[in-house]
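> Next comes the sequence, and after it the predicted model I'd like to discuss.
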Amino acid sequence: MAHAFRFCPSCSTELQPTESLEDGGLKTRLRCPACQWTHWNNPTPVLAAIIECADQGGRVLLARNAAWSGRMFALITGFMEAGETPEEGITREVAEETNLEVLSLDLIGVYDFQRMNQVIIAYHALARGEVRLSPELAEYKLYAPEDLVCWPAGTGYALAAWLRRRGIEPRFMDLPRRG
């Protein structure tokens, strides 16, 4: 099992795989033999927004992350900060990454993204304003809802659910399989 932690963040001792009986059965977790700190490796909540631009005829904004190779455009996503609700977090992320003002939010659903050990909380965000991207985004495109093509992964499934709610049968792209 792959882990980001090798050493205890409390005392710097090398972590050891340790089996223990928990409510869900036998689990292997990384544990510090010196101070008993445990790396639980729980999924991280990630917020996502399907941004419908109120002053762009209801078109949907998808953006390309500056760190991504290729030409993939996706939803605006980000991590919650301590002390904020998911709604406050996605409103902040939309403002930080696109400069848009969120007018209303509607929860689309919660999606599994095990490849990144994440749980995605996806919202439809009706927003307005002039798009100005943060440095972490390279470019954006605006799409009519009926022209959107979903991807077969966490946020792509959220986009498909939103399209179905609008009476649009989603189309999915074929992605190359990972080794």
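Great, that's in hand.

> who's in contact with residue 126?
Shown in contact with residue 126 (CB atoms under 8 Å, 6 or more residues apart in numbering): 52, 54, 102-105. Just so you know, the C-beta spots here come from the backbone N, C-alpha and C atoms, and that holds for glycine as well.

> quick one: buried residues of the helix or strand where it lies?
Residue 126 is part of strand 118-128 when elements are defined by DSSP states H and E. By neighbour count on 16 or more other CB atoms under 10 Å, the buried set for strand 118-128 is 118-127.

> nearest to residue 16, of these?
Residue 16 has its nearest neighbour among the buried residues of strand 118-128 in residue 118, at 25.9 Å by CB to CB.

> measure the closest one to residue 47 for me?
From residue 118 over to residue 47 the distance is 10 Å, taken as CB to CB, to the nearest Å.

> mind giving me the domain split of the chain?
1-41, 44-168 (automatic domain parsing).

> mean pLDDT lowest for which of the ones you listed?
Lowest mean pLDDT within the domains of the chain: domain 1-41, a mean of 88.

> Next, count neighbours for residue 22.
By other CB atoms under 10 Å, 9 other residues sit near residue 22.

> My error: substitute residue 19 in the last question.
Neighbour count of residue 19, defined by other CB under 10 Å: 10.

> Which helix or which strand is home to it?
Going by DSSP H and E, residue 19 is part of strand 16-22.

> on that earlier part again, top of the contacts of residue 126 by number of neighbours, please.
residue 52 (23 neighbours).

> Could you list every helix and strand that the top strand by length along the chain packs against?
Longest strand in the chain, counting residues (DSSP state E): strand 101-113. In terms of contacts (3 or more CB pairs under 8 Å, 6 or more residues apart in numbering; DSSP states H and E), strand 101-113 is packed against strand 44-53, helix 86-98, strand 118-128, helix 154-165.
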